[in-house]
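Colleague: need a structure here:
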Amino acid sequence: MTFVWIYLLLLGYAFELGLCKDDAGKDAGKIFDVAIIGAGWAGIGAASHIAQNSNASILILESTNRTGGRVEAASLGDSNIIVELGAMWMPGTLRHKDYGESILSQLARENDLAAIEVDELKDLSFIPFIDMDGNDADPKGILRRSLVTAIKCVYDAFEEKLYRTLSDCGWVAKTKKAKAFERGMLECRGGMDTNEELTENIWGNERLVVEQHQRGFNRILDVFLQTLPNSPIAFNSRVEQIEYSGNIVNLTTKTKTFKARHAISTLPLGVLKKHHSVMFSPPLSEDLKIELEEAEMIQEAKIYLQFERVWWDDALVGWIANDRDLPNWRNMNHPTVIPGSKTLLAFALDESATKVEAMDDSQVVAFSMDILRKQFPNVTVLDPTNATETVSTCGP
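Modeller: Below is the predicted model:
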């Protein structure tokens, strides 16, 4: 029975690959065993798994002109500093008694990927909380100590309560396979916060990717490309309709229709939410529709500002601003991050990210610099020499 297998995976931990030749155009009339929609982490990860465990013929359809999905490295302006526009976090390096080392951590170690451990609770204990008049909004550290204590309590209680509740509801993972299945299901269904807490409980503090190779984070994931020498990728092939009946799945783009016996969709959650009613024929099941409607999405904006010189306290890993739109600032020039980059990174979430998305480049710079100058009224805050921003939507 032909089926469409829908992957709804987190941005954070999947598999994505880079460079690959576009040689799928001539195969529009061929019937593949498996067609995969999306050449991002989930799509290439699925293709790699299938290729290593079967002789199935595989076609990958990608809407853009590159592989990599939402992980993308770029240089800041005309400098040689590489920054991550998409995902930039990976699991820690601890080996769990049941799960061992995380796959991404293993790949990073084997390929010498540059990544630094970030202890957010430790950082929160001493980074400044700057008011919009330039003063320390928490000079005695009362707010910081109180929040750190509360977060530690939440982390400690989270795992105990979660697994106690699972046990009370009749689930006990007694085997290694059951524990792996349990973790995977919880990560997929739990949302961003649950995923992060589970990941840190298993492998320790997350790590920030600071790789300066032009491929950035994707350099690790190019390893999977080696497992797909015979799997064509059709670039600039945005799938508009997926029709499945009988033994064939028809995947239609603007110019061609590709055929396969099975299809795997790794379409982003936002795309599925918006277009599933017109994309799938027959329509998705009512259960899947409900899952899509109830799934939450988080918007995140990242703004990189590079300067001619460092005008802030370079000993700080970052600071928190008493500003609703851009409260979280990270010093990318810190000796442990990308020294010499002379770059600051600001984060915005949800409504603030939407606000950033609606601006053009010059407006984003003006918006960011206005906030910075209010935080540092007694410092000569330079205009940036390079700037770039990106807005992404994250969800299960």
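
Colleague: buried residues in the one helix or strand residue 104 maps to, which are they?
Modeller: Residue 104 is located in helix 103-110, with elements delineated by DSSP states H and E. Under the neighbour-count criterion of 16 or more other C-beta atoms under 10 Å, helix 103-110 has 103, 104, 105, 107, 108 buried. For the C-beta atoms, the positions are set from N, CA and C on the backbone; glycine is no exception.

Colleague: give me the three-state assignment for the residue lying closest to residue 315 once chain neighbours are set aside.
Modeller: If the residues on either side of it in the chain are set aside, residue 315 comes closest to residue 334, at 7.9 Å by C-beta to C-beta, 6 or more residues apart in numbering. On the three-state scheme (DSSP: H, G, I helix; E, B strand; the rest coil), residue 334 is labelled coil.

Colleague: quick check: residue 334 touching residue 313?
Modeller: No: with contacts defined as C-beta atoms under 8 Å, residue 334 does not count as touching residue 313, sitting 10.1 Å away.

Colleague: between those two, point out the one with more neighbours.
Modeller: The residue with the greater number of neighbours, taking residue 334 and residue 313 and applying other C-beta atoms under 10 Å, is residue 334; the counts read 17 against 11.

Colleague: what's the distance between that one and residue 135?
Modeller: Taking C-beta to C-beta, to the nearest Å as the measure, residue 334 falls 23 Å from residue 135.

Colleague: tell me the buried residues in stretch 212-226?
Modeller: Buried residues in stretch 212-226, counting neighbours by 16+ other C-beta under 10 Å, are found at 213, 215, 216, 217, 218, 219, 220, 221, 222, 224, 225.

Colleague: name the nearest residue to residue 72, ignoring sequence neighbours.
Modeller: Nearest non-adjacent residue to residue 72, counting by C-beta to C-beta, 6+ apart: residue 85, 4.7 Å away.

Colleague: what comes into contact with stretch 103-113?
Modeller: Contacts to stretch 103-113, defined as C-beta atoms under 8 Å, 6 or more residues apart in numbering, come from residues 13, 90-93, 115, 203, 207, 209, 211, 217, 219-221, 223.

Colleague: so which of those residues sit within helices?
Modeller: Here DSSP state H is the test, and the contacts of stretch 103-113 give 203, 219, 220, 221 as lying in helices.

Colleague: taking these, tell me the two that lie furthest apart.
Modeller: In terms of C-beta to C-beta, those reach their longest pairwise distance at 203 and 219, which sit 20.5 Å apart.

Colleague: among the ones in helices among the contacts of stretch 103-113, which one sits closest to residue 246?
Modeller: Using C-beta to C-beta as the measure, the one of the ones in helices among the contacts of stretch 103-113 that approaches residue 246 most closely is residue 221, at 35.3 Å.

Colleague: output the below-cut-off pLDDT ranges for the stretch 51-200 of the chain.
Modeller: Per-residue confidence for the stretch 51-200 of the chain (pLDDT under 70) gives these ranges: 121, 151, 154-163, 166, 175-200.

Colleague: mind listing the strands for it?
Modeller: Counting by DSSP state E, counting those that start in this stretch, the stretch 51-200 of the chain has these strands, from start to end: 58-61, 73-75, 82-84, 89-90, 115-117, 129-130.

Colleague: report how many residues lie close to residue 268.
Modeller: Look at residue 268: counted by other C-beta under 10 Å, it has 20 neighbours.

Colleague: quick one: it from residue 37, how far?
Modeller: Distance from residue 268 to residue 37, counting by C-beta to C-beta: 11 Å.

Colleague: got it, and residue 50?
Modeller: Applying C-beta to C-beta to residue 50 and residue 37 gives a distance of 14 Å.

Colleague: ok, now residue 293?
Modeller: Look at residue 293 and residue 37: by C-beta to C-beta, they are 21 Å apart.

Colleague: wait, which of the strands of the stretch 51-200 of the chain is closest to residue 170?
Modeller: Judged by C-beta to C-beta, the one of the strands of the stretch 51-200 of the chain that comes nearest to residue 170 is strand 89-90, at 33.8 Å.

Colleague: ok, residues contacting that closest one?
Modeller: For strand 89-90, the surrounding residues in contact (C-beta under 8 Å, 6+ apart) are 12, 13, 102, 104, 105, 108, 115, 206, 207, 208, 209, 217.

Colleague: what's the burial count for the nearest residue to the third one once chain neighbours are set aside?
Modeller: Of all residues not flanking residue 102 in the chain, residue 91 sits nearest, at 4.0 Å (C-beta to C-beta, 6+ apart). Counted with other C-beta under 10 Å, the burial measure for residue 91 works out to 23 neighbours.

Colleague: I'd guessed residue 91 sits against residue 100; true?
Modeller: No: judged on C-beta under 8 Å, residue 91 makes no contact with residue 100 at a distance of 11.5 Å.

Colleague: can I get stretch 119-134 in PDB, CA atoms only?
Modeller: The C-alpha atoms that make up stretch 119-134 are tabulated as PDB, following Å, rounded to 0.1, in the frame of the first residue of the first chain:
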ATOM      1  CA  ASP A 119      26.300  26.900  30.500                       C
ATOM      2  CA  GLU A 120      23.300  29.200  30.300                       C
ATOM      3  CA  LEU A 121      22.600  29.000  34.000                       C
ATOM      4  CA  LYS A 122      26.200  29.900  34.800                       C
ATOM      5  CA  ASP A 123      26.100  32.700  32.300                       C
ATOM      6  CA  LEU A 124      22.900  34.000  33.700                       C
ATOM      7  CA  SER A 125      24.500  34.200  37.200                       C
ATOM      8  CA  PHE A 126      26.900  37.000  36.200                       C
ATOM      9  CA  ILE A 127      26.000  38.600  32.900                       C
ATOM     10  CA  PRO A 128      24.800  42.200  33.300                       C
ATOM     11  CA  PHE A 129      21.100  43.100  33.100                       C
ATOM     12  CA  ILE A 130      21.200  46.500  31.500                       C
ATOM     13  CA  ASP A 131      18.400  49.000  31.700                       C
ATOM     14  CA  MET A 132      17.500  51.300  28.800                       C
ATOM     15  CA  ASP A 133      19.200  54.200  30.500                       C
ATOM     16  CA  GLY A 134      22.500  52.300  30.600                       C
END
